[in-house]
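1. I need the structure of the sequence given here:
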Amino acid sequence: MHPLPPIKRTGKFASKASARRMRVGSEMYWAVVAPGATMLRRMWVLGVLLLALGIGAPIALVVWIVMERDELVDLALDDRFLRTVALTLAVALFARVVAVIELTIVRWHDRNVGLAAIMAYVMVALLAVPIGWSVVRAEQARELVDDVFAGSDDAPPLFVPSDETIVVEEAAAVEDAAPSGTTNILLLGGDSAPGRWGLRTDTMILVSADRASGRTSLVSIPRDLRELQFPPGSPLHERFPDGFDNIANAVYPYVLTKPELQEQYAQDGLQPEAVAVSEAIGYSLGVRIDDYVLVNMQGFLELIDAVGGVTVDLERSVPLPPALPGAKHDIPSSVGPGPVEMDGTLALAFARSRYADSDYGRMGRQRQLLAALGEQISLADAVGGFSSVAGALSDAVRTSLSPDAFTDLLDTLGDTASITESVGLVPPLIVPGNPDYDQIRQIVADVQDAIATGVPSQYAQA
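-> Purely as a prediction, here's the structure:
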């Protein structure tokens, strides 16, 4: 006997088969797009949970990002945000995997499930690639942030003048004491290559913020300041009781090359060289140093590029150097006057140029650039840029500040209206080659009184 030919489904039978295929395909599609939606009638609790993980959590993350869209650095440095990004993306993918597997099991006996399930798994796999990459980047960003920030909000000051020691100890003994007085942060900048920290601190700026008034001062310390003082009893005072025998920017590499000094100045994971410089500047200027920020200027180039550049409003034309190590493009002979959009290369050339005037003029340009950067940093168009910023920070910055305190510092520098005193310890105000440290301490004390009282000092510069 000849086998019967296969029965061809026509009419309503073919229509029903086609409808089943479309229904199964549609269910698989929605299991990927809106995990949990297809099981609300079978297992509504699990369905709601998967919808919350797969759709609700990512939406909440997007809302968070939109609300903080002007705070790129805050997001880049927020450990909670970075953990949330990684966890949200991971659970969103997991919800889709569970939804597709559950639907495949439920529809296992339907002959139309095979191709639809394969397509659903392919969609999930395609989603897994960018999600996995983002999770890895978020975790890398967290590790980089740990490298940059070694401090905590409750860490003691790096240096306290002897006449302030009792006051500080009494304040520390009072739990949850109200903030008062002045916070002093030392900004140190050098020209070493990205990721290398054997530098001379050509830039030294004392940022002082009066917590009661909100007013801020910037005091620039010249790199060629001679006979920098060290507090009695300190390791460097034992070697240089009459003052450092080189210019101020050589203290950092001097400590770097002396293992015994590195051990003596070691402090909770901070750079011993920066701790030593902070102690010397604090004692020489007669002020408490709460924290430091060490900026590698070559790495700073990458940081400015990572945040999309910075605009600086120049009152006059500024000549630029013809060449710059690490430059990504040719440098124009000058910039300004007027608003100038600067990428990392141009900003670094502007900050480092000695063609415009002098070391002392360069200090003023660096203060101007820091203020503009602090004011303009934002999320801009790079929602996913937090990991790039964190990576650039790893090459550009080391600090004793916590991430929250660092972003507060950027906000302070960005609020140009709050910077009421900007002073350079330069000729004719002082003589860096033969400094009178009593005079210098009086100048700094007058500046700090000015931001506390609101009465401008005689040294304030435009």
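2. what ranges does the stretch 351-462 of the chain have for its helices?
-> Using DSSP state H, counting those that start in this stretch, the helices of the stretch 351-462 of the chain run over 359-376, 386-396, 403-414, 437-453.
3. start and end of stretch 282-301, how far apart?
-> 28 Å (C-alpha to C-alpha, to the nearest Å).
4. how many neighbours does I419 have?
-> 20 (other C-beta atoms under 10 Å). Just so you know, the C-beta spots here come from the backbone N, C-alpha and C atoms, and that holds for glycine as well.
5. pLDDT score assigned to it?
-> Looking at I419, its pLDDT stands at 81.
6. next one: G233
-> Reading off the model, G233 has pLDDT 92.
7. same check on N112?
-> pLDDT at N112 comes out at 64.
8. not counting sequence-adjacent ones, nearest residue to V295?
-> Leaving aside its sequence neighbours, V295 sits nearest to G189 (C-beta to C-beta, 6 or more residues apart in numbering; 4.3 Å).
9. ditto for A120
-> Using C-beta to C-beta, 6+ apart and skipping residues adjacent in sequence, the residue nearest A120 is M28, 4.0 Å away.
10. in this structure, which helix or strand is least confident?
-> Every helix and strand in the chain was compared by mean pLDDT, DSSP states H and E; the lowest is helix 165-173, with a mean of 39.
11. now the element after it, going C-ward?
-> Where DSSP states H and E defines the elements, the next helix or strand beyond helix 165-173 is strand 182-190.
12. mean confidence score for that following strand?
-> 88.
13. what pairs with that strand, parallel or antiparallel?
-> strand 203-210 (antiparallel), strand 291-296 (parallel) (DSSP bridges).
14. quick check: angle from the helix or strand following the shortest one to strand 182-190?
-> Per DSSP H and E, the first helix or strand lying C-terminal to strand 291-296 is helix 297-306. Taking axes from the mean of the first three to the mean of the last three C-alpha atoms, to 10 degrees, one finds that helix 297-306 is oriented at 100 degrees with respect to strand 182-190.
15. from the chain's centre, how far out does helix 297-306 sit?
-> 11 Å (C-alpha atoms, centre = their mean, to the nearest Å).
16. so which bits of the helix or strand just after that helix are buried?
-> Counting by DSSP H and E, the element after helix 297-306 in chain order, helix or strand, is strand 310-314. If you call a residue buried by 16 or more other C-beta atoms under 10 Å, then strand 310-314 has these buried ones: V310, V312, L314.
17. what does stretch 426-446 give?
-> V426, L429, I430, P432, P435, Y437, I440, R441, I443, V444, D446.
18. what of stretch 413-428?
-> Residues of stretch 413-428 classed as buried by neighbour count (16+ other C-beta under 10 Å): L413, G414, D415, S418, I419, T420, E421, S422, V423, G424, L425, V426.
19. kindly report the same for stretch 31-41.
-> In stretch 31-41, counting by 16+ other C-beta under 10 Å, buried: A31, V32, A34, P35, G36, A37, T38, M39.
20. how about stretch 305-322?
-> Using 16+ other C-beta under 10 Å as the test for burial, stretch 305-322 gives D305, A306, V307, G308, G309, V310, V312, L314, V318, P319, L320, P321.
21. do me a favour and get the end-to-end distance for that stretch?
-> Rule used - C-alpha to C-alpha; the end-to-end distance of stretch 305-322 is 20 Å.
22. residue ranges in the stretch 1-150 of the chain under the pLDDT threshold?
-> Along the stretch 1-150 of the chain, the model assigns pLDDT under 70 to residues 1-21, 68-78, 110-113, 141, 145.
23. in a strand, that's where L218 is, yeah?
-> Yes: under DSSP: H, G, I helix; E, B strand; the rest coil, L218 sits within a strand.
24. before we move on, the earlier item: in a markdown table: the buried residues of strand 310-314, plus pLDDT and distance to I289.
-> Below are the buried residues of strand 310-314 laid out as a markdown table (pLDDT from 0 to 100; distance: C-beta to C-beta, whole Å):
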| residue | pLDDT | distance to I289 |
| --- | --- | --- |
| V310 | 83 | 27 |
| V312 | 84 | 28 |
| L314 | 83 | 32 |
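25. export these to CSV and tack on distance to L301?
-> As requested, those are exported to CSV (distance: C-beta to C-beta, whole Å):
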residue, distance to L301
V310, 11
V312, 15
L314, 19
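26. name the element G214 belongs to?
-> Going by DSSP H and E, G214 is not in any helix or strand.
27. and it, how far is that from R288?
-> 19 Å (C-beta to C-beta, to the nearest Å).
28. which two from the buried residues of stretch 426-446 end up farthest apart in space?
-> Maximum pairwise distance in the buried residues of stretch 426-446, criterion C-beta to C-beta, is 18.9 Å, between P432 and D446.
29. which one of the buried residues of stretch 413-428 is nearest V85?
-> G414 (25.0 Å).
30. quick check, pLDDT for that closest one.
-> Confidence score, pLDDT, at G414: 64.
31. do the same with A349
-> So A349 comes in at 82 (pLDDT).
32. that one: neighbour count?
-> Neighbours of A349 (other C-beta under 10 Å): 23.
33. mind checking how far the closest residue to it other than its chain neighbours is from L346?
-> Leaving aside its sequence neighbours, A349 sits nearest to L320 (C-beta to C-beta, 6+ apart; 4.6 Å). Distance, L320 to L346, by C-beta to C-beta: 8 Å.
34. what do those two both touch?
-> Residues touching both L320 and L346 (C-beta atoms under 8 Å, 6 or more residues apart in numbering) are I331, P332, V335.
35. of those residues, buried ones?
-> Buried, going by 16+ other C-beta under 10 Å: I331, V335, out of the shared contacts of L320 and L346.
36. could I get the shared contacts of L320 and L346 as JSON lines with distance to Q264 and pLDDT?
-> Output for those, formatted as JSON lines (distance: C-beta to C-beta, whole Å; pLDDT from 0 to 100):
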{"residue": "I331", "distance to Q264": "42", "pLDDT": "83"}
{"residue": "P332", "distance to Q264": "47", "pLDDT": "86"}
{"residue": "V335", "distance to Q264": "44", "pLDDT": "86"}
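37. against which helices or strands is the helix or strand where P253 lies packed?
-> Under DSSP H and E, the secondary-structure element containing P253 is helix 251-256. Judged by 3 or more C-beta pairs under 8 Å, 6 or more residues apart in numbering; DSSP states H and E, helix 251-256 is in contact with helix 259-265, helix 272-285.
38. of all these, which lies closest to S234?
-> helix 272-285 (6.3 Å).
39. okay, the angle between the closest one and strand 182-190?
-> Going by the same axes, to 10 degrees, helix 272-285 makes 130 degrees with strand 182-190.
40. where's helix 272-285 relative to the chain centroid, distance-wise?
-> Worked out by C-alpha atoms, centre = their mean, helix 272-285 lies 24 Å from the chain centre.
41. by how many degrees do it and helix 437-453 diverge?
-> 90 degrees.
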